[in-house]
Every structure is written in structure tokens, then in C-alpha cells.
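Undergrad: no FASTA, just this:
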């Protein structure tokens, strides 16, 4: 995988499961020196294999338990329209993820709000006010059957 050796892959697997592991803990698990682990993690970050280290929070406990996946179709597809849409929606705190898509929709947004009323306010006062939107179709999550952040490596 693009110049990664088995030790690099083991480090990535461990960090995907628990990013709070210290270099010392990783070194112990992999039977390597702390300096070696430190250098490898720095290199993995520099090369972009590790984009960022975060804590994964429970949205329900933070009053962001209503999750919607909104499919957005734009009226035109000029570079300016696409860029402006991306720039605007990524500034909305309710939008957790924004994906440009192939197929029948242009974008899929993952939106987290407190409840349906908050989603309605987001839709009416933010999303629906954007220019060049043809259609928005939203789907609401009933249950979270699987939610994984770790890539199989």
C-alpha cells in the first residue's frame, strides 16, 4: 500500500481503534522503540495517511440525535455554482459531511440536528435559501445499525 510496511499498517490499525494510545503504548504493543514509533507516526501524518486525530462523540448525548441524509440536485453544474454550493454548505454547523456524487444527485449531505423542528428550521432558513437548488430529498435515520470509522487495512 503505497510504501507502507507491516509496522506502518499495524500503527494505523491501532490508531484507528484508539487514537488516544501514546507512542509508548504503541511501541510496547509492537515491540519497537518509542523513538521509532514517534518518527513513523510523524511520517504517516506528513504523508497524509493520518489526516487528523479526533474523539468520536455521541450525537444523542449532545442533542444532535436526529440524522438526515439529504440528496441535493442543483439546477446547473458550472464550476462557480458547484464551488459556491460547497463553500456555503460546509459552513453550516448542522452539515457533518458533504459528498459530491455521480448519478442522479449532485450532493449528499449528512445533517445532524436536535429534532425534526430544528431540521425544518435548517432546511427552510439555510438550505432552501441557497441559489441553484432544484431538489432536496431527505432521509432520516431510524437506527444506527453499523457506524464504523476504521478502514479495513
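TA: Received, thanks. Quantities reported herein were computed from a predicted structural model and do not represent experimental measurements.
Undergrad: now find how far off-centre the strand or helix carrying residue 43 is within its chain.
TA: Assigned by DSSP states H and E, residue 43 belongs to helix 34-46. Chain-centre distance of helix 34-46: 24 Å, with Cα atoms, centre = their mean, to the nearest Å.
Undergrad: helix, strand, or coil at the residue nearest the centre of the chain?
TA: In the chain, the residue lying closest to the centroid (Cα atoms, centre = their mean) is residue 97, at 5.4 Å. Counting by DSSP: H, G, I helix; E, B strand; the rest coil, the backbone at residue 97 sits in strand.
Undergrad: run through the chain and note the low-pLDDT ranges.
TA: The chain contains residues with pLDDT under 70 at 1.
Undergrad: if we can go back for a sec, mind listing what's buried along the helix holding residue 43?
TA: Across helix 34-46, burial judged by 16 or more other Cβ atoms under 10 Å covers 37, 40, 41, 44. Quick note: C-beta positions are derived from backbone N, CA and C, even for glycine.
Undergrad: from residue 89, how far off is the residue nearest to the centre of the chain?
TA: Going from residue 97 to residue 89 by Cβ to Cβ, to the nearest Å gives 10 Å.
Undergrad: find residues that contact each of these two.
TA: In terms of Cβ atoms under 8 Å, 6 or more residues apart in numbering, residue 97 and residue 89 are both contacted by the residues residue 109.
Undergrad: follow-up on the earlier one: nearest to residue 148, of the buried residues of helix 34-46?
TA: residue 44 (20.2 Å; Cβ to Cβ).
Undergrad: returning to what we had before: and the residue nearest to the centre of the chain, what does it touch?
TA: Taking Cβ under 8 Å, 6+ apart, we find residue 97 in contact with 108, 109, 110.
Undergrad: same thing but 7 Å
TA: By Cβ atoms under 7 Å, 6 or more residues apart in numbering, the contact list for residue 97 reads 109, 110.
Undergrad: what distance do you get for residue 79 to residue 43?
TA: Taking Cβ to Cβ, one finds residue 79 at 35 Å from residue 43.
Undergrad: how about residue 85?
TA: The spacing between residue 85 and residue 43, counted by Cβ to Cβ, is 36 Å.
Undergrad: right, and the helix or strand after the helix or strand that contains residue 7?
TA: Following DSSP H and E, one finds residue 7 within helix 6-17. As assigned by DSSP H and E, the chain's next helix or strand after helix 6-17 is helix 23-30.
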